[in-house]
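Peer 1: only the shape, not the letters, is given here:
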């Protein structure tokens, strides 16, 4: 998936570059089609479920995250770039934002770890996504959302994912944005993960979205987010990164509705109830 939100990003709202004031993002295009507003109105918000988001550090001061249960937990001391912070803030907001969060009642822990875009990695030598996965499992996360990819997957990461899945944790990962079939560097290539591709408004797979056996389900791949390198202005982005927390949020909502179900049962239900898109791929449906 890469740490970048988008194939291309463009400013969506006007404002002076570097302005301190940040406008609240109140909704997203996926809210209506996926029935997110109806689920929330019915009280299905992922309440009581712990979700781990492994990414950069989210900025929890953006207005749409006011009142959300979010803990940012750095795995090591480093300086994140504005792009890394923007990405993480977008991913967390898809889950927790008061206007459009799919699982806004869940407890979110954001395990912050450097990406390839972060140049000042501080004391993070030897620290990897596997460490964040292990920390999330130790903290009783039931869902892990990873909108990261690129680079060779380590044996440690494969083992950490296997260990999480064996404990009933649902590990939701982005398939990636290279238009490739089952690339070996995608976390979706690891057995037991829920690989998420990106769909367009018509339910077709986006041209950039990776596909193949690692693709479990698709979700919308478009997002309005805060560009923290440009004064917090609202920008638009697309990618499988965006689709991943949407699916993770629905997994959490299903866990709230059926608290006795195992992680595997939740995943099987997710696949069984998905709608078939026009090109044959499974789509998240209300």
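Peer 2: Yep, it's here. Treat the numbers as computed from the prediction; the structure is a model and nothing was measured. Numbering: from 1, shown residues only.

Peer 1: all helices of the stretch 101-250 of the chain, in order?
Peer 2: Listed in chain order, the helices of the stretch 101-250 of the chain (DSSP state H, counting those that start in this stretch) span 129-138, 155-166, 240-257.

Peer 1: nearest to residue 111, of these?
Peer 2: helix 129-138 (4.0 Å; Cβ to Cβ). The C-beta positions use only the backbone N, C-alpha and C, and glycine is treated the same way.

Peer 1: in the closest one, what's buried?
Peer 2: 129, 130, 131, 132, 133, 134, 135, 136, 137 (16 or more other Cβ atoms under 10 Å).

Peer 1: between the helices of the stretch 101-250 of the chain, which gets nearest to residue 227?
Peer 2: helix 240-257 (14.7 Å).

Peer 1: show me what counts as buried in the helix or strand just after that closest one.
Peer 2: Next helix or strand after helix 240-257 toward the C-terminus (DSSP states H and E): helix 263-273. Under the neighbour-count criterion of 16+ other Cβ under 10 Å, helix 263-273 has 263, 266, 267, 270 buried.

Peer 1: beyond helix 263-273, next helix or strand please.
Peer 2: With secondary structure assigned by DSSP H and E, helix 263-273 is succeeded by strand 275-276.

Peer 1: what is the rounded mean pLDDT of that next one?
Peer 2: Mean pLDDT, strand 275-276: 87.

Peer 1: remind me what whichever helix or strand comes after that strand packs against, helices and strands.
Peer 2: Reading on from strand 275-276 to the C-terminus, the next helix or strand found by DSSP H and E is strand 282-283. If you count contacts as 3 or more Cβ pairs under 8 Å, 6 or more residues apart in numbering; DSSP states H and E, strand 282-283 packs onto strand 217-220, strand 275-276.

Peer 1: how about the strands in the chain?
Peer 2: 10-11, 50-55, 70-74, 107-112, 143-146, 170-174, 194-199, 217-220, 222-227, 233-238, 275-276, 282-283 (DSSP state E).

Peer 1: export those strands as JSON lines, with columns for mean neighbour count and distance to residue 255.
Peer 2: Output for the strands of the chain, formatted as JSON lines (neighbours: other Cβ atoms under 10 Å; distance: least, Cβ to Cβ, whole Å):
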{"stretch": "strand 10-11", "mean neighbour count": "11", "distance to residue 255": "36"}
{"stretch": "strand 50-55", "mean neighbour count": "28", "distance to residue 255": "10"}
{"stretch": "strand 70-74", "mean neighbour count": "16", "distance to residue 255": "18"}
{"stretch": "strand 107-112", "mean neighbour count": "25", "distance to residue 255": "12"}
{"stretch": "strand 143-146", "mean neighbour count": "32", "distance to residue 255": "7"}
{"stretch": "strand 170-174", "mean neighbour count": "30", "distance to residue 255": "8"}
{"stretch": "strand 194-199", "mean neighbour count": "29", "distance to residue 255": "13"}
{"stretch": "strand 217-220", "mean neighbour count": "27", "distance to residue 255": "16"}
{"stretch": "strand 222-227", "mean neighbour count": "23", "distance to residue 255": "24"}
{"stretch": "strand 233-238", "mean neighbour count": "21", "distance to residue 255": "28"}
{"stretch": "strand 275-276", "mean neighbour count": "12", "distance to residue 255": "21"}
{"stretch": "strand 282-283", "mean neighbour count": "20", "distance to residue 255": "19"}
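
Peer 1: format those as a markdown table; extra columns: distance to residue 181.
Peer 2: Below are those laid out as a markdown table (distance: least, Cβ to Cβ, whole Å):
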| stretch | distance to residue 181 |
| --- | --- |
| strand 10-11 | 29 |
| strand 50-55 | 25 |
| strand 70-74 | 35 |
| strand 107-112 | 30 |
| strand 143-146 | 20 |
| strand 170-174 | 15 |
| strand 194-199 | 11 |
| strand 217-220 | 15 |
| strand 222-227 | 23 |
| strand 233-238 | 20 |
| strand 275-276 | 19 |
| strand 282-283 | 17 |
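
Peer 1: which one of those has the lowest average pLDDT?
Peer 2: strand 10-11 (a mean of 33).

Peer 1: surely residue 232 touches residue 62?
Peer 2: Yes - at 7.2 Å, residue 232 and residue 62 qualify as touching, with contact defined as Cβ atoms under 8 Å.

Peer 1: more neighbours, the two?
Peer 2: Comparing residue 232 with residue 62 by neighbour count (other Cβ atoms under 10 Å), the higher total belongs to residue 232, at 24 against 21.

Peer 1: for the chain, what are the low-confidence residue spans?
Peer 2: 1-21, 149-151, 286 (pLDDT under 70).
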